[in-house]
Every structure is written in C-alpha cells, then in structure tokens.
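Enquirer: following is a predicted model, sequence given first.
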Amino acid sequence: MLKLYGAARSRAVRNIWMLNELGLDYEHMDWLPRSPETKSPEFLKLNSSGAVPVLDDNGFVLSESMAINFYLAKKHDGGLYPSTPENVARALQWSFWETDRLDRAIVNHARHSSDLPVNERNPEVAETAWKDCVHSFQILNTALEKTDWLVDSAFSVADLNVASAMFRGLALDLSEWPNTQSWLHRCWDRPAAQKAKGMRG
C-alpha cells in the first residue's frame, strides 16, 4: 500500500489532495515538518534531509511534493496528467513557477501579517511578500483570461500544484484579480480538495 509521510498542514496537503483525486488507498503518517518523528533513524533512511512529504510506493521512495504529484498523476490514470509533451511542459512550467515565485511569498505574507504573534511579525517582510504575491496573482489572472484551467481545457496536476500552494489565498480578497479568484475557488471546491482541507484541522 502507498504510504504518505507529511501533515495536511504542510506542503503534503497537495499530495493528499492528489491521492484523493485519484481515489487511491493510502496510509497517512500525519507528521509535521521538523517533528520528532522526522528525525528518527527509520525516517532518515527514507529521506536523509528529514523533510516531509515523502511517498513510499511499495519500496519506491520519493520526496518533494511536486515530484510526488507528477509521479502519481502519471502512474494512475485519473485524467490529471497532460496528454501531450507540450502540455506536460506547461504543467512543469507552472509548478516550477509556483515554487520559485509564489510559495515563499504567500507564506511570508501570512506569517508576518497574521499567523505569528504580534511581537514576532516584521511589517517590512509582510509588505515585500505582498508585492510579490500581487505580481503572481496578476500573472495568473492574465493566464486565465480565456481559459478555466492552466493547461489545456481541464483540471490537471498543474492546477492542483499551484492552487494547493495558494490555500491561504482563500482567505484573501482577490477581487482585483477575478480570474485568479474564481479559478482558486473552482479548484478548492472540488470534493477531493475539500477532503484534504478538512484534514488540516
């Protein structure tokens, strides 16, 4: 059986979402990043960095949430892996873009504007992060002007990977970027996403 290590309150949420989309049975080790379990000798044999998420597919071990999702989408026929080399490339493009441009910015904005105790927040970090978020929201808004999805004409691993990182965006006023806002809610309204969201506690 598939085994996924990583809490729903971490980047593993995108893997949980993918597993739900594909309707796969799996064992879930709900471990937060840097938790004591991730420092055990047994886990370090799976991933020497001690980071989650990690997928163990009957002995095939893979880390990094984006790579895990591409692997699962390719291996299991759920219609989420693009059907042409061009669209595979576009899905990779959006996934790499999210990791490079959006992921840290949206986390830093949330932490330094609301998540952290007031005395630990840095307004300058929050402001810089928000400017980066605005730039990314506009890029998505432009890309979604004539299509409902990032790649081809259907929801795919590209949408899942980017939307999962934008979980915090569900609580933001994105009305200035209506295409981004409607796409984000369209993604997270999916039953598999709602199930993953519910696991965040």
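Expert: Cool, the structure landed.

Enquirer: what's the lowest-mean-pLDDT helix or strand in the chain packed up against?
Expert: Of all the helices and strands that make up the chain, the one with the lowest confidence by mean pLDDT, DSSP states H and E is helix 103-110; it has a mean of 92. For helix 103-110, the elements it packs on are helix 123-143, judged by 3 or more Cβ pairs under 8 Å, 6 or more residues apart in numbering; DSSP states H and E. Backbone N, C-alpha and C define where each C-beta goes, glycine included.

Enquirer: run the last query once more with 10 Å
Expert: helix 123-143, helix 157-165 (3 or more Cβ pairs under 10 Å, 6 or more residues apart in numbering; DSSP states H and E).

Enquirer: and the ones you listed: which comes nearest residue 5?
Expert: The minimum distance between residue 5 and the helices and strands packed on helix 103-110 falls on helix 157-165, with 17.0 Å, by Cβ to Cβ.

Enquirer: can you give me the strands in this structure?
Expert: Residue ranges of the strands in the chain, as given by DSSP state E, are 2-5, 26-29, 54-57, 60-63.

Enquirer: nearest residue to the residue nearest the centre of the chain other than its sequence neighbours?
Expert: Note on the chain: the residue nearest the mean C-alpha position is residue 164, at 3.4 Å, using Cα atoms, centre = their mean. Once flanking residues are discounted, residue 164 sits nearest to residue 14: 3.5 Å by Cβ to Cβ, 6 or more residues apart in numbering.

Enquirer: I figured the one you found hits residue 70, correct?
Expert: No: judged on Cβ atoms under 10 Å, residue 14 makes no contact with residue 70 at a distance of 11.0 Å.

Enquirer: who touches both of the two?
Expert: Contact with both residue 14 and residue 70 is made by residues 95, 157, 161, according to Cβ atoms under 10 Å, 6 or more residues apart in numbering.

Enquirer: doesn't residue 21 make contact with the last one?
Expert: Spelled out, it's residue 161. No: Residue 161 lies out of contact with residue 21 (Cβ under 10 Å); the separation is 11.8 Å.

Enquirer: wait, doesn't residue 81 sit right on residue 87?
Expert: Yes: taking contacts as Cβ under 10 Å, residue 81 lies within contact range of residue 87: 9.1 Å.

Enquirer: returning to what we had before: report the contact partners of the residue nearest to residue 164.
Expert: Taking Cβ under 10 Å, 6+ apart as the test, what residue 14 contacts is 6, 8, 53, 65-66, 68-69, 95, 98, 157, 160-165, 167, 193, 196.

Enquirer: give me the mean pLDDT for stretch 135-144.
Expert: Stretch 135-144 shows a mean pLDDT of 98.

Enquirer: contacts for that stretch?
Expert: Contacts with stretch 135-144, where a contact means Cβ under 10 Å, 6+ apart, come from 94, 97-98, 101-103, 105-106, 149-150, 162-163, 165-166, 169, 172, 174, 176-184, 186.

Enquirer: what do you get if the cut-off is 8 Å, keeping everything else the same?
Expert: Here stretch 135-144 makes contact (Cβ atoms under 8 Å, 6 or more residues apart in numbering) with 97, 101-102, 105-106, 150, 162, 169, 174, 176-180, 183.

Enquirer: do stretch 158-173 as well
Expert: Taking contacts as Cβ under 8 Å, 6+ apart, the residues outside stretch 158-173 that touch it are 11, 13-14, 17-18, 21, 66, 69, 80, 82, 90-91, 94-95, 97-98, 102-103, 106-107, 109-110, 137, 140, 149-151, 180, 183-185, 187-188, 193, 196-197.
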